[in-house]
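[1] I need the structure of the sequence given here:
(2 chains)
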Amino acid sequence: MLQMDLDIGDFCSNWSHCDLLSAYLARMVSHNRLDSLLFSNLYSSALNELLETVFRVHGASGKLECSVRRQGGLDRIELVFPADEDIFRVYREAIDKLSGENAEKLYLEALFTEGQPDASLGLLELGVDYGARLTIDRVGNDRMCLVAELTLEDENE
Amino acid sequence: MIAENTTQAFQWTYNENDQEFALQGSLRPQKPEELSNCISALEQSVAKVSGKFYVNVRRLVRMNNVAFQAIACKILDLVRARADLDVQVTTSSVVGWATRKFAVLETMSDKITVSEYDSEFYPGQSFVEDSEFIHVLRTQTKLTWRHEKELLHKHGLRPGMQVADICCGIGDFAVLLQKEFSPDRLVALDHSRSSLDYARQVAADFGIRGIDYVFGDAADMLLEDDQFDFVTCRHSLQVFDRPELILKELFRICKPGGRVYVTNEKNSHCLGEPRGESIQWTYNEVARLWHHFDMDIEIGPKSRRLLLEGGFEDVSIGSFMVTSADGDPQGFADIIASWKNLFAGKMAKERGDDPAFIERFAKGFDDHIFAALHPKGYAGWPIWVASGRKPQ
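    Numbers count the residues shown, from 1 in each chain, chains lettered A, B, ... in the order given. A predicted model of the protein is given here:
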C-alpha cells in the first residue's frame, strides 16, 4: 500500500500536479505485473482522470489523501478530500449515471460535448471504458472518500 | 512544432506528402485553449487536403479528456463539414488506452476509421511468429551463446548493470543474461505477444525471477530516456526496413556512457563443404529474398557504419562463426532445416517463385545440412557483433 498526503490547496496550485502524481504513482506500482509498461501507461491514465476530477471539484481546505493498494489483479485507488454537501452531490450524480442502463450513452454525450468537459466525464470514462467499480462515501462532516477499483490486466492474456 | 505556454510536453507535425498530422508526447492540458495552436495547425493542414487525411497518434503516450474532447470534436466537425474528406486515425497497440479511446470516433461518423498501426512496420514478423519457429530460435541461441557469453564481457557487460534486451523474441537470451550476469534490472521487450507469453512461461517454469518482459514497439518504445547501462538488440535490425529508427531508440534509452550491443548476419557468407557452390548460390538468393520483403539479411558488416552514423563512439565490431564443428552438428542442421522450411517454403511462395527455382533454392539448404552432418564436412553461419558507446 502506498499513501501520499498533501494539502488540497498545494495540490490545486498547479495543474501539472495531476500528471506528475499519476505518472509517479503508476511507475511505483507497475512492478511485478504481466507487462509493467502497459500497466503503468493505463494506470497513469486512470489515476490522472480521478485526480483531474478532484482538482476541479473539491472543498475549500484540508488534506488530499491518496492511497493505492493491490490485491491480486485488482487495484484500488482511494482519494479522501474536503467536500461539502454540494461537492458530494456532484460525485453522487456521476456515480448514479454509471449505475443506470444508459451509462455508455451518457459517457459518449459527455465526451463529445462542446466546451469544457463535464466534471463527471473522468468518472464516467473510468466506469464505462475501464470497467472500474466506483464508490463514494462521506468521511466526517466535511470530507468524502472516492474509491476506484480497477482490473487493468487480463491475467489470461 | 512544440507546444508553448503549457506544462504538457507534446509536439505536432504535418507531413504534406502523406497527408498526415501526427501528435506525440504527453497531452494533458487543463483547458482546451491550451491546444489552440495545435488545433489551428490541424485546421490549416486539413484545408489543403481532399480525400483521406491521416491523424497519427501512435506516439501520443498520454492524453486526458480535455485534449481528447478538443481533438475529437475538431475531427468530427471536419468530416461533417467536408463531404470530400475521410479521416483515418492511427493508434499503437503499445499505448494501452489509445485504440479503445479513439475507437469511439468510429461510432460517431462512418467517415472516420481507427486502426492500430504496427504489423506493417515489421515485414518479417508474421514469418518468425510461427510457433514451429520457436524450436529453431532456441537452438540458434544455444549455438550463439557459447560465443556471445565471452564477447559480451569484451563489449562491456558486467554484473549488476541495468540491462535492456530489445526485440527479445522468445526471451531465452534474456534468461541466459540473467543467469550469467545477474543484472540489477533486466527489461526484455518484444512486439510479439505470443513470444512474450512463451518467454514468461519459460521464466516461470525455470524459476527465473527478475526479468521484466514488456510489450513494445522497438521503434517507438515507452521506456524513458537514459535508463540502461547496456542495451542488446540481436538479429533484429535485419528484420526491420528502417534499422536506423531502432538504433535511434536504442541510443535514447541507453545511459550516457553506456553501450548498445547489436548482432546481425550476412547470410550470403554462410558456407559449407562439400557442395560449396550450391550452398553459396542458395544463400546469395536468401539475401535477395529478404530484400524483396524489405529486410536486409546482409546487414552484419554494415553495423559499424550504422552505429557511427547513429551517434555512437568507441565503436567495436567483430564476427564469429557458428559451425557444425562446435560440438552440435545436429543442432546446426536443425537450424538450416528450419531456414529451408521458412525461406524455400512460406517466403518463396509468397514472393511467387516458380517450382524450379524453389527446388534449386531448397537444394542449397539440403547441401548445407549434408555438409554439416558429413563426417569430413564443415558448415558455417557467420554473425557480426558490434557495440558502441553513447557519448557522455
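[2] quick one: A:Met1 and A:Ser67 touch, right?
    Yes. Counting by Cβ atoms under 8 Å, A:Met1 does reach A:Ser67; the two are 6.3 Å apart. All C-beta spots, glycine's among them, are computed from the backbone N, C-alpha and C.
[3] In terms of neighbours, single out the busier of these two.
    Neighbours per residue (other Cβ atoms under 10 Å in any protein chain shown) separate A:Met1 from A:Ser67, with A:Ser67 holding more: 16 against 9.
[4] can you pull the contacts of the more buried one?
    For A:Ser67, the contacting residues are A:1-4, A:77-78, by Cβ atoms under 8 Å, 6 or more residues apart in numbering or on different chains.
[5] Most neighbours among the residues you listed, which one?
    The contacts of A:Ser67, ranked by neighbours (other Cβ under 10 Å): first place A:Ile77, 24 neighbours.
[6] what does chain B have sitting close to chain A?
    B:7-8, B:26, B:28-32, B:61-66, B:68-69, B:72-73, B:76, B:94-97, B:100-101, B:104, B:107-108, B:189, B:193, B:196-197, B:200, B:212-216, B:222-223 (Cβ under 8 Å from any Cβ of the partner chain).
[7] How is chain B divided into domains?
    Domain segmentation of chain B under automatic domain parsing yields B:10-117, B:125-389.
[8] Can I get the ones you listed in CSV including mean neighbour count?
    Putting these into CSV (neighbours: other Cβ atoms under 10 Å in any protein chain shown) gives the following:
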stretch, mean neighbour count
domain B:10-117, 18
domain B:125-389, 19
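[9] export the ones you listed to TSV and tack on distance to A:Met144 and mean pLDDT?
    What follows is the domains of chain B, written out as TSV (distance: least, Cβ to Cβ, whole Å; pLDDT from 0 to 100):
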stretch	distance to A:Met144	mean pLDDT
domain B:10-117	21	92
domain B:125-389	34	93
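[10] Regarding the residue nearest to B:Thr323 when sequence neighbours are not counted, which helix or strand does it belong to?
    Distances taken as Cβ to Cβ, 6 or more residues apart in numbering or on different chains place B:Gly380 nearest to B:Thr323, at 4.6 Å, with adjacent residues excluded. Assigned by DSSP states H and E, B:Gly380 belongs to strand B:378-389.
[11] Against A:Asn41, how distant is B:Glu106?
    22 Å (Cβ to Cβ, to the nearest Å).
[12] quick revisit: isn't the residue nearest to B:Thr323 up against B:Val322?
    Yes. B:Gly380 lies in contact with B:Val322 (Cβ under 8 Å); the separation is 7.0 Å.
[13] contacts for the helix or strand encompassing A:Lys105?
    Assigned by DSSP H and E, A:Lys105 belongs to helix A:103-111. Helix A:103-111 is touched from outside by A:97, A:100, A:117-118, A:120-121, A:124-125, A:127-129, B:65, B:68-69, B:72, B:104, B:107-108, with contacts defined as Cβ under 8 Å, 6+ apart.
[14] make it 6 Å
    Helix A:103-111 has contacts (Cβ atoms under 6 Å, 6 or more residues apart in numbering or on different chains) with A:97, A:118, A:121, A:124, A:128.
[15] again, but for stretch B:327-345
    B:136, B:139-140, B:143, B:286, B:324, B:358, B:361-362, B:365, B:368-369, B:372-373.
[16] Using CSV, write out every CA atom in the top helix by length along chain B.
    The longest helix of chain B (DSSP state H) is helix B:133-154. Only the C-alpha atoms of helix B:133-154 are listed here, as CSV (Å, rounded to 0.1, in the frame of the first residue of the first chain):
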residue,chain,number,x,y,z
PHE,B,133,9.9,-21.5,-35.3
ILE,B,134,10.4,-21.4,-31.6
HIS,B,135,12.4,-24.6,-31.5
VAL,B,136,14.9,-23.3,-34.0
LEU,B,137,15.1,-19.9,-32.2
ARG,B,138,16.1,-21.8,-29.0
THR,B,139,18.7,-23.8,-30.9
GLN,B,140,20.1,-20.7,-32.5
THR,B,141,20.5,-19.0,-29.1
LYS,B,142,22.1,-22.2,-27.7
LEU,B,143,24.7,-22.2,-30.5
THR,B,144,25.4,-18.5,-30.5
TRP,B,145,25.6,-18.2,-26.7
ARG,B,146,28.8,-20.1,-26.4
HIS,B,147,30.4,-17.3,-28.4
GLU,B,148,28.5,-14.4,-27.1
LYS,B,149,29.0,-15.3,-23.5
GLU,B,150,32.6,-14.3,-23.8
LEU,B,151,32.0,-11.5,-26.3
LEU,B,152,29.5,-9.7,-24.0
HIS,B,153,32.3,-9.3,-21.4
LYS,B,154,34.6,-7.9,-24.1
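[17] if we can go back for a sec, pull the contacting residues for the residue nearest to B:Thr323.
    B:271, B:321, B:323.
[18] Poorly predicted segments of chain A, please.
    A:155-157 (pLDDT under 70).
[19] Report the central residue of chain A.
    A:Leu50 (2.4 Å; Cα atoms, centre = their mean).
[20] and the contacts of A:Ser67, which of them are in strands?
    If you go by DSSP state E, these have A:2-4, A:77-78 in strands.
[21] in what helix or strand does B:Ala188 lie?
    Here B:Ala188 is assigned to strand B:185-190, by DSSP H and E.
[22] Figure out how far that strand is from the centre of its chain.
    14 Å (Cα atoms, centre = their mean, to the nearest Å).
[23] Could you grab the helix/strand/coil label for B:Arg259?
    strand (DSSP: H, G, I helix; E, B strand; the rest coil).
[24] give the contact list for it.
    B:156, B:230, B:387, B:389.
[25] The first one is in what secondary structure piece?
    Yep, that's B:Gly156 we're talking about. Per DSSP H and E: nothing holds B:Gly156, as it lies in no helix or strand.
[26] Now it. Nearest residue, chain neighbours left out?
    Nearest non-adjacent residue to B:Gly156, counting by Cβ to Cβ, 6+ apart: B:Arg259, 4.9 Å away.
[27] can you list the residues of chain A near chain B?
    Residues of chain A found near chain B (Cβ under 6 Å from any Cβ of the partner chain) are A:15-16, A:19, A:35-38, A:41-42, A:45, A:117, A:121.
[28] again, 8 Å this time
    A:14-16, A:18-19, A:23, A:31, A:34-42, A:44-45, A:48-49, A:52, A:108, A:111-117, A:121-122, A:125, A:129, A:152, A:157.
[29] Just the buried subset of these, please.
    Buried residues within the residues of chain A next to chain B, defined by neighbour count using 16 or more other Cβ atoms under 10 Å in any protein chain shown: A:15, A:18-19, A:23, A:34-42, A:44-45, A:48-49, A:52, A:108, A:111, A:117, A:121-122, A:125, A:129, A:152.
[30] So for the helix holding A:Lys105, what gets flagged as buried?
    Neighbour-count burial for helix A:103-111, counted by 16+ other Cβ under 10 Å, picks out A:104, A:106-108, A:110-111.
[31] quick check, distance from it to the centre of its chain.
    In this view, helix A:103-111 has its centroid 17 Å away from the chain centroid, taken as Cα atoms, centre = their mean.
[32] what element comes up after that helix heading to the C-terminus?
    Downstream of helix A:103-111, the next assigned helix or strand under DSSP H and E is helix A:121-128.
[33] So which residues of chain A form helices?
    Using DSSP H, helices in chain A cover A:8-11, A:16-28, A:36-56, A:85-99, A:103-111, A:121-128.
[34] Within the helices and strands, which one has B:Glu116?
    Going by DSSP H and E, B:Glu116 is part of strand B:112-117.
[35] hang on, the earlier thing: roughly how far apart are the residue nearest to B:Thr323 and chain A?
    Going from B:Gly380 to chain A by Cβ to the nearest Cβ, to the nearest Å gives 38 Å.
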